[in-house]
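K.L.:
from the sequence below, what's the structure:
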Amino acid sequence: MLAKPECSCTLLGKPLYILHWMHGKVIKSTGSWYVVRTDDGRIVECKVKGNFRLRGIRSTNPVAVGDGVTIKEQQTEGKEENAAFITEIDERRNYIIRKASNLSKQSHILAANVDMALLVVTIARPETSTTFIDRFLASAEAYRVPVCIAFNKTDDLTDDEHELLDYWKALYTNIGYDCFCISALKNEGVDALAQHLQGKTTLLAGHSGVGKSTLLNLLIPDAHVRTAEISDAHGTGMHTTTFSELFELPNHQGALIDVPGVKGFGTFNMEPEEVAHYFRDIFAISADCRFNNCTHTHEPGCAVLQALEEHHLAPSRYASYLSMMDDKEEGKYRAAY
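P.N.:
Below is the predicted model of the structure:
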């Protein structure tokens with residue numbers, strides 16, 4: 001809300017500049033600049049003061065798309081353009097975070113104050129690994145963000161790949177995640193997904209090449225997000241989104257936050273004994289373990305190892321759990337498609 005202007009500096013009784021304090025939401029981040037939509041509908045480009053970055057926020061981006069912020073706009077006498085700075089961040093309802101790949105002690109906030117995350121994956125061309133899926137799901141669980149999964153490019157699958165799709169969909173549906181089979185290119189299955197997104201602010205996530213931009217352009221025609229072909233040599237996608245941005249769904253029925261394609265997730269702020277808590281299936285089974293501090297790796301009476309042996313737990317889920325446990329022991333960052 002726009003407050004009364006405060007005269008900050010005068011010379012011979014004339015103001016040199018005037019400060020306006022406003023509140024709004026960050027709708028775009030380019031790394032050095034942030035675009036804020038104020039509560040009264042203005043669009044303001046802002047920077048972050050240098051000392052703001054030093055307040056103990058161990059993140060490569062202390063301000064994220066979706067943040068509610070207070071901004072200070074400085075109107076200088078004789079200048080047409082005003083300077084605006086973010087001075088405060090509202091308390092976050094939640095956020096999704098990943099470890100910065102080259103800075104092991106810092107994190108990167110993908111988005112803040114979201115109602116849900118939509119993870120877009122593909123069975124082939126490019127193939128999304130279950131490790132990537134499970135790491136994202138665990139990260140979202142840790143920060144209490146519900147997730148639904150969209151299996152894209154289902155129009156371009158072989159018979160064997162269709163069987164794999166059916167297995168993956170059944171696996172994650174049984175764990176408790178809503179799954180959608182779609183083809184954004186041919187607009188198949190998208191209506192049901194669009195209905196699921198209504199009224200929510202949703203993080204749109206996935207690694208490069210899975211068709212996020214095509215899906216976004218279909219859901220929000222005014223977005224005009226650039227798309228790219230898949231690399232024939234490596235079967236992986238090329239980054240087309242270089243910054244995070246919030247797009248409103250038609251008729252203001254929710255919003256999508258598009259973020260650059262993510263290569264992988266490193267664990268952050270997770271203790272080793274907590275990792276199992278963020279795997280819904282493993283956590284449910286672990287209630288029957290003999291020891292409360294069971295790591296599910298070697299202990300006698302481990303219900304998780306028994307479930308794995310009896311085929312009640314998917315081997316891929318257990319392998320993802322072990323990879324995250326390895327991260328905690330060795331401080332690794334894994335890029336996993």
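
K.L.:
pull the number of nearby residues for residue 139.
P.N.:
25 (other Cβ atoms under 10 Å). Glycine gets a C-beta too; all of them are placed from N, C-alpha and C.

K.L.:
check which element follows the strand or helix carrying it along the chain.
P.N.:
Secondary-structure assignment from DSSP states H and E places residue 139 in helix 130-142. Following helix 130-142 in sequence order, the next helix or strand is strand 147-152 (DSSP H and E).

K.L.:
how far does that next one sit from the chain's center?
P.N.:
13 Å (Cα atoms, centre = their mean, to the nearest Å).

K.L.:
with stretch 186-200 instead?
P.N.:
Centre to centre, stretch against its chain (Cα atoms, centre = their mean), the figure for stretch 186-200 is 19 Å.

K.L.:
tell me how far the ends of that stretch are from each other?
P.N.:
Counting by Cα to Cα, to the nearest Å, you get 25 Å between the two ends of stretch 186-200.

K.L.:
cool, and stretch 42-62?
P.N.:
When the termini of stretch 42-62 are compared using Cα to Cα, they are 23 Å apart.

K.L.:
and the helices in the stretch 151-300 of the chain?
P.N.:
Using DSSP state H, counting those that start in this stretch, the helices of the stretch 151-300 of the chain run over 159-175, 190-197, 212-219, 280-285.

K.L.:
which one of these lies nearest to residue 112?
P.N.:
Taking Cβ to Cβ as the measure, the helices of the stretch 151-300 of the chain were each checked against residue 112, and helix 190-197 came out nearest at 18.1 Å.

K.L.:
could you check the angle the helix holding residue 139 makes with strand 147-152?
P.N.:
Helix 130-142 runs at 150 degrees relative to strand 147-152, counting by axes from the mean of the first three to the mean of the last three Cα atoms, to 10 degrees.

K.L.:
okay, the angle between helix 130-142 and helix 159-175?
P.N.:
Here helix 130-142 runs at an angle of 20 degrees relative to helix 159-175 (the same axes, to 10 degrees).

K.L.:
helix 130-142 - contacts with which helices or strands?
P.N.:
When contacts are defined as 3 or more Cβ pairs under 8 Å, 6 or more residues apart in numbering; DSSP states H and E, helix 130-142 sits against strand 95-99, strand 116-122, strand 147-152, helix 315-330.

K.L.:
how does it look with 6 Å?
P.N.:
Helix 130-142 is packed against strand 116-122, helix 315-330, with contacts defined by 3 or more Cβ pairs under 6 Å, 6 or more residues apart in numbering; DSSP states H and E.
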